[in-house]
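S.K.: got a predicted structure here, sequence first:
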Amino acid sequence: MGKEQKARVIFHVDMDAFFASVEQRDHPEYRGKPLVIGGLSGRGVVSTCSYEARRYGVHSAMPMGEAQRRCPQAVFLPGDYVRYRAVSAEVFQVFTAFAPVVEPLSIDEAFLDVTGMERLIENPRAYAVRLKEEIRQRVGLVASVGIAPNKFLAKIASDLEKPDGLVVVPPDAAGVRAFLWPLPVRRIWGVGEKTARHLAALHVRTVGDLARMDPARLRAQFGAKTAAQLHTLSLGLDDRPVAPRGEAKSIGKEETFARDLRRQEDIDGVLLRLAEQVGWRLRRAGKKARTIQIKVRRGDFATWTRSRTLAAPTCYDEDIYEAAVTLYRALAPAGGIRLLGISAQNFGAAEELSLFDAERPQKKENLYRAIDGLKQRFGEDIIGHGHT
């Protein structure tokens, strides 16, 4: 019989109220106050909020109007996402210094696999304490950490004692059951409000209830695929590896409007602004794109995407804008427009030159270098092309 595989040691690290914490770190006047960040328009939603705001029932993805009704005394900010990305890069530098394999989940959370590092670390809990302290010292922010033998359990663990949490799930089956089974069934991935109500009607309220449910009955209620997934997770099983993310397949930007756009000149203005933002991000990433795609959503939520592959790859705002406008004109959607987006795909390196690029006037290259220098210093919205 083969040697039993050693349990993995997986960290899930989640920055506490990340955007709000960055603002409170940088602005002492916000500390201790309810702070809400997100879209401030009538259709805006909450991106995140401080723990002071959460006491009033404010949470992520809540309509901003509802957040304002629940906590009118809060500080409301649109957010500085360029700054948040820069701070995120600092946090991820700490992650990569502590673990050989890091899988980003979002701007403010990641899985770290420290399996096999026993000779380098005293024990997983002490190592997590060091990680949290390093983030606090270098970045000035607080993280919560869950430690478990797999990703599913680690992610649950990191959320249980927020903020500034540290929860360790025992690696043995009995320890996993003791940790997992008393928790509400909503902690299982894929169990939303509707599924939880369905399970409650079957007297299934905890993860343990779900684990003990007859598999045949579970299949009859949810189908074979969903039943198998629910049962596997209720046992705390998850064999997915921690895997670094591949390179981004596209670079894009979209915008939702407080009022539907109807005038063509307004739509063209937004497409130009989006093209400038996508062009800037391409140049910053050292990429050129051969394919430009637009996304259009009408007021009734009908949504279309259209794409065009260019003769030569580009990272220039006007090329992106011209392709986007051409695509929009060909689509010619009737009615008010709720959302517009542009994305660039099918990358080549910025050094990849076509004959067309080689013939570009040097003054144009100099212009873009000057524009990008200003954006690098003051943010991507500091300057743009004129629109008439």
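M.R.: Yes, it's here.

S.K.: for the rest of this, base every contact and every neighbour count on C-alpha atoms.
M.R.: Will do.

S.K.: where in the protein is the helix or strand with the lowest mean pLDDT?
M.R.: helix 355-358 (a mean of 40; mean pLDDT, DSSP states H and E).

S.K.: can you pull the poorly scored residue ranges out of the chain?
M.R.: Counting by pLDDT under 70, the chain contains low-confidence residues at 1-6, 246-248, 348-388.

S.K.: need the strands for it, in chain order.
M.R.: 10-15, 35-38, 46-49, 75-77, 101-106, 109-113, 143-148, 166-168, 250-261, 287-298, 303-314, 337-349 (DSSP state E).

S.K.: got CSV for those, with distance to Pro63 and mean neighbour count too?
M.R.: As requested, those are exported to CSV (distance: least, Cα to Cα, whole Å; neighbours: other Cα atoms under 10 Å):
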stretch, distance to Pro63, mean neighbour count
strand 10-15, 23, 28
strand 35-38, 9, 26
strand 46-49, 6, 24
strand 75-77, 13, 17
strand 101-106, 21, 17
strand 109-113, 23, 25
strand 143-148, 26, 27
strand 166-168, 31, 20
strand 250-261, 12, 17
strand 287-298, 19, 22
strand 303-314, 21, 17
strand 337-349, 16, 22
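
S.K.: between these, which one is closest to Met64.
M.R.: strand 46-49 (5.6 Å; Cα to Cα).

S.K.: packing partners of that closest one?
M.R.: Applying 3 or more Cα pairs under 8 Å, 6 or more residues apart in numbering; DSSP states H and E, one finds that strand 46-49 contacts helix 18-26, strand 35-38.

S.K.: and the contacts of that strand?
M.R.: Residues outside strand 46-49 that contact it (Cα atoms under 8 Å, 6 or more residues apart in numbering) are 17-20, 34-39, 58-64, 67.

S.K.: among those, name the buried ones.
M.R.: In those, burial by neighbour count holds for 17-20, 34-39, 58-60, 62-64, 67, counting by 16 or more other Cα atoms under 10 Å.

S.K.: start and end of stretch 187-207, how far apart?
M.R.: End-to-end distance for stretch 187-207, by Cα to Cα, to the nearest Å: 8 Å.

S.K.: the chain should start at 868 in everything you say after this.
M.R.: With the count now opening at 868, the last piece we talked about shows up as stretch 1054-1074.

S.K.: what lies in contact with it?
M.R.: 1023, 1047-1053, 1076-1077, 1080, 1097, 1100-1101.

S.K.: max pairwise distance over those: which two?
M.R.: Ile1023 and Met1080, at 21.4 Å, using Cα to Cα across the contacts of stretch 1054-1074.

S.K.: which one's more surrounded, the two?
M.R.: Ile1023 (21 against 15; other Cα atoms under 10 Å).

S.K.: what about stretch 1080-1091, distance to the chain center?
M.R.: 33 Å (Cα atoms, centre = their mean, to the nearest Å).

S.K.: which residues touch that stretch?
M.R.: Against stretch 1080-1091 from outside (Cα under 8 Å, 6+ apart): Val1071, Thr1093, Ala1094, Ala1095, His1098.

S.K.: buried ones among those?
M.R.: Buried, going by 16+ other Cα under 10 Å: Val1071, Ala1094, His1098, out of the contacts of stretch 1080-1091.

S.K.: CSV for these, including distance to Arg1107?
M.R.: As requested, the buried ones among the contacts of stretch 1080-1091 are arranged in CSV below (distance: Cα to Cα, whole Å):
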residue, distance to Arg1107
Val1071, 26
Ala1094, 19
His1098, 16
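
S.K.: out of the residues you listed, list just those in helices.
M.R.: Applying DSSP state H to the buried ones among the contacts of stretch 1080-1091, the entries found in helices are Ala1094, His1098.

S.K.: of all the buried ones among the contacts of stretch 1080-1091, which comes closest to Val1035?
M.R.: Taking the buried ones among the contacts of stretch 1080-1091 together and measuring to Val1035 by Cα to Cα, the closest member is His1098, at 22.5 Å.

S.K.: just to check, the closest one is in contact with Gly1075?
M.R.: No. The criterion here is Cα atoms under 8 Å, and His1098 misses it with Gly1075 at 10.2 Å.

S.K.: quick check, central residue of this structure?
M.R.: Ser973 (3.7 Å; Cα atoms, centre = their mean).

S.K.: mind checking how far it is from Ala1197?
M.R.: 35 Å.
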